[in-house]
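Enquirer: sharing a model prediction with you, sequence too.
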Number of protein chains: 2
Amino acid sequence: MHQPELGTTDAPEVGELTPPTRTLMGPGPSDVHPRVLRAMSTPLVGHLDPSFIEIMDDTQELLRYTFRTDNKWTIPVSGTGSASMEAAIGNLVEPGETVLVPTNGYFGGRMAEMARRAGGDVVEVDAPWGEPLDPVDVRAAFDEHQPDVFGFVHAETSTGVRQPDVPELTSIAHDHDAYVIADCVTSLGGVPLKVDEWDIDAAYSGPQKCLSCPPGASPLTLNDRAMDKVLSREEPTRSWYLDLSLLEGYWGEERAYHHTAPVTNVYALREALRLVAEEGIESRWARHRETAGALKAGIEAMGLEMNVADEYWLPSLNAVRVPDGDAGQGPASTGASRHTVDDGAVIADLLDGYDLEIASGLGDLAGDIFRIGCMGHSARPANVSLLVSALGQTLAEHGAGVDVGAGVEATASRL
Amino acid sequence: MHQPELGTTDAPEVGELTPPTRTLMGPGPSDVHPRVLRAMSTPLVGHLDPSFIEIMDDTQELLRYTFRTDNKWTIPVSGTGSASMEAAIGNLVEPGETVLVPTNGYFGGRMAEMARRAGGDVVEVDAPWGEPLDPVDVRAAFDEHQPDVFGFVHAETSTGVRQPDVPELTSIAHDHDAYVIADCVTSLGGVPLKVDEWDIDAAYSGPQKCLSCPPGASPLTLNDRAMDKVLSREEPTRSWYLDLSLLEGYWGEERAYHHTAPVTNVYALREALRLVAEEGIESRWARHRETAGALKAGIEAMGLEMNVADEYWLPSLNAVRVPDGDAGQGPASTGASRHTVDDGAVIADLLDGYDLEIASGLGDLAGDIFRIGCMGHSARPANVSLLVSALGQTLAEHGAGVDVGAGVEATASRL
């Protein structure tokens, strides 16, 4: 066949894809298991192929296991974590309804923003960044505002706080006939989460955190009560793409075309969830607690402070206070004269010197904390050991008074 | 470290991922090039990693080349093609605005649905399924309704019609101060599309058609005029996830966090677009025309009919009329007594017998046509040869009067 050489004169010359090899210990994505990467390179079948329907069934079954739920409506949403978040909020919130959200982190703020765009009236329950919600405050907010929908963040990626007392929160909400949406982006597959036992109506997550799967297809589960509300809305949800009443046709029994599913991302999620099932969900929770516990022990032994009280510690996301940077150079930690290390420079040095990613604080905690993930395939002894020694050494180079040796030893003794 | 064996008792037993090896000649996804599959298995960097920012830049530059545009606002949207569609419509349409959409295919109907959810008032310009819009009708609709936004489908995946006269359509719209949104899902990278020369304000596409990339990150481009409208909206767009004024912070100069980009899907899109640049966009258009031309020649030589007139033929999506099934068994093609082949049975036999995917008609054309894609890496002599012989043989087995040998010969002579 004749193949004319046309249109090549202005073609960009872009080289082969050669990203650096990073160790991902930030707030996500986490390191992806080789088996999941391999699944990503599997040739595609069509999104309506009978063989893909089996793959969808497997993925849903594995998602139910991981969420600890029997919910029929357990699916991967075709987008990253914020898409499953918007699917939950946009479908459950109807125009004019009152939505109660928390103020104790970045993602509560995002919930509020999405609820407003869904037509909801947003009211808030307060807690400082770095602390969980107090059930007493939640009850008071319910009594005052009588919200229709209550959103909370089970694992706040911006603060490293794990919300305790979840069954108490859902009980308060249900006493007031409200629906509960739980942000489980950084808890699913990493820390104990029991959707059915805790009576959560809708929970969403991302695949690139404790599931260690590339982002692109994001877990969502709704119980029958929540799905009944979605299916009896007076007006359709404002997003066609994320309309669960339409997605029901594809992921439900009918298998009707809605949109082209991200076939490869579903392949990857299935494989990532197979790894969860092989390990066992409770063993996986224990591994996160133990591995991150070794990390935390090293952090504290070298003289750094965690930003969150032990009882709210979130193993998958460790918030570490940025230390003083004037070790041996004058009076440190004395209020106004205190000079902390430049967190951005430390993070850049870790990336440049060790190919190691961690992240800075967001919002109220910008400049105050490092955010260190310990999620999924990244929650491994090798990663944690590297993190403790590299962070300690880099902080020392930036003038922080840290005892690197003590940190390394404390971590090693726990692994 | 102690690893207790907990929580494994109810773990689902799901086997290794072993989908069948298909040849994808349906309406998408198309066969993915091995280099793109390999890119999908590349270990991830973070979505805010400096190295990923370079990858984003490369991807944007390659997208501009492929769209034939200098538009700064040229990005992959984090979702499948319907997400880039909703991003275009949801951002450009403001509540109370009038939106003109076509009735000549499935995806015009989807545009209408999305425009309504954005708060728009939908008006229509009619043409039958299987025919393009007539500029005369478009002008009349503009004069009657004075729409603010005009959406049209450049390549209708449901009918196999290529809309000609695009510059005339955009000129009519701009004479009326309207904005033009073009659905280029099945044209980008396969048939001539010139966003700047044709004065299209916003165009969206999917990666799994003529770009032969797995679905999950979908091309979108807006010119400055369109982006100015988006940035000066009175109220925010109804989707936070797809809000281009927020995505501007991530894909623009600031590089601020909005949501976690689908890193792997961007890797894959970059590689798929590199293949476009290496081939040359005009050579790629020519390859689609020639390869699909060989397919069409074989289809017609064996006695089947294309459903679309030659002047509107869309090489990437070939609509073939389902033939009669009573060859030599009585009076065929006589109106009410006509008995056509069962299209679903033929499609199932192709999948079972040849691992070959094609699709049936949708909407007004359900049962009347086969939809045969010839896109990207699927637009190859081997695929086309297989398609013609397998379809011919299967139709013959279903009683259609087709001359398989003539079809195979006609295709071979063109390849």
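Expert: Here it is on my side, so go on.
Enquirer: what's around A:I281, how many residues?
Expert: The local packing of A:I281 (other CB atoms under 10 Å in any protein chain shown) involves 23 other residues. From N, CA and C alone the C-beta is placed, and that goes for glycine too.
Enquirer: what segments of the stretch 1-150 of chain A are helices?
Expert: Taking DSSP state H, counting those that start in this stretch, the helices of the stretch 1-150 of chain A run over residues A:34-40, A:50-67, A:81-92, A:106-117, A:135-145.
Enquirer: ok, now the stretch 201-350 of chain A?
Expert: Ranges of helices within the stretch 201-350 of chain A are A:224-231, A:244-251, A:263-279, A:281-301, A:343-354, based on DSSP H, counting those that start in this stretch.
Enquirer: and the longest one, what does it pack onto?
Expert: If I follow you right, that is helix A:281-301. strand A:317-321, helix A:381-397, helix A:404-414 (3 or more CB pairs under 8 Å, 6 or more residues apart in numbering or on different chains; DSSP states H and E).
Enquirer: do the second one as well
Expert: When contacts are defined as 3+ CB pairs under 8 Å, 6+ apart, helix A:244-251 sits against strand A:73-77, helix A:81-92, helix A:224-231.
Enquirer: quickly note the distance from the closest residue to A:R233 other than its chain neighbours to A:P164.
Expert: Spatial nearest neighbour of A:R233, excluding adjacent residues (CB to CB, 6 or more residues apart in numbering or on different chains): A:E94 at 5.8 Å. From A:E94 across to A:P164, the span is 30 Å (CB to CB, to the nearest Å).
Enquirer: look at these two and report which has more neighbours.
Expert: A:E94 (18 against 14).
Enquirer: pull the contacting residues for that one.
Expert: A:A118, A:G119, A:G120, A:D148, A:R233, A:E234, A:E235 (CB atoms under 8 Å, 6 or more residues apart in numbering or on different chains).
Enquirer: show me what counts as buried in the lowest-mean-pLDDT helix or strand in chain A.
Expert: Of all helical and strand segments in chain A, the minimum by mean pLDDT, DSSP states H and E falls on helix A:244-251, at a mean of 92. The neighbour-count check on helix A:244-251 (16 or more other CB atoms under 10 Å in any protein chain shown) flags A:L244, A:L246, A:L247, A:E248, A:Y250, A:W251 as buried.
Enquirer: closest to chain B among these?
Expert: Using CB to the nearest CB, A:L246 comes nearest to chain B of the buried residues of helix A:244-251, at 9.4 Å.
Enquirer: from A:Y267, how far off is the closest residue to that closest one other than its chain neighbours?
Expert: In this structure, A:L246 finds its nearest non-sequential neighbour in A:H258, 5.2 Å apart by CB to CB, 6+ apart. A:H258 sits at a distance of 19 Å from A:Y267 (criterion: CB to CB).
Enquirer: more neighbours: those two, which one.
Expert: When neighbours are counted by other CB under 10 Å, A:H258 and A:Y267 differ, and A:Y267 comes out ahead with 28 against 17.
Enquirer: who's in contact with that one?
Expert: Taking CB under 8 Å, 6+ apart, we find A:Y267 in contact with A:A39, A:M40, A:T42, A:I55, B:L17, B:P19.
Enquirer: against A:V384, how distant is the residue nearest to it when sequence neighbours are not counted?
Expert: Leaving aside its chain neighbours, A:Y267 sits nearest to A:A39 (4.7 Å; criterion: CB to CB, 6+ apart). Distance check for A:A39 against A:V384: by CB to CB, it reads 26 Å.
Enquirer: related to what we said a few turns ago, check the spacing between the residue nearest to A:R233 and A:T237 real quick.
Expert: 9 Å.
Enquirer: need the residues touching each of these two.
Expert: Overlap of the contact sets of A:E94 and A:T237 (by CB under 8 Å, 6+ apart) consists of A:A118.
Enquirer: around chain B, pick out the residues from the stretch 51-200 of chain A.
Expert: Residues of the stretch 51-200 of chain A lying close to chain B by CB under 8 Å from any CB of the partner chain are A:51-52, A:55, A:58, A:61-62, A:65, A:78-83, A:85-86, A:90, A:110, A:113-114, A:117-118.
Enquirer: narrow the residues you listed to those that are buried.
Expert: A:52, A:55, A:58, A:61-62, A:65, A:78-83, A:85-86, A:90, A:110, A:113-114, A:117-118.
Enquirer: of all of the stretch 201-350 of chain A, which residue lies closest to chain B?
Expert: Distances between the stretch 201-350 of chain A and chain B by CB to the nearest CB are smallest at A:E282, namely 3.0 Å.
Enquirer: neighbours around that residue, how many?
Expert: A:E282 has 16 nearby residues by other CB under 10 Å.
Enquirer: sorry, back to before: next, format the helices and strands packed on helix A:244-251 as TSV and append mean pLDDT.
Expert: Listed next are these as TSV, based on pLDDT from 0 to 100:
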stretch	mean pLDDT
strand A:73-77	97
helix A:81-92	98
helix A:224-231	98
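Enquirer: determine which stretch of the ones you listed is the most buried.
Expert: helix A:81-92 (a mean of 29; mean count of other CB atoms under 10 Å in any protein chain shown).
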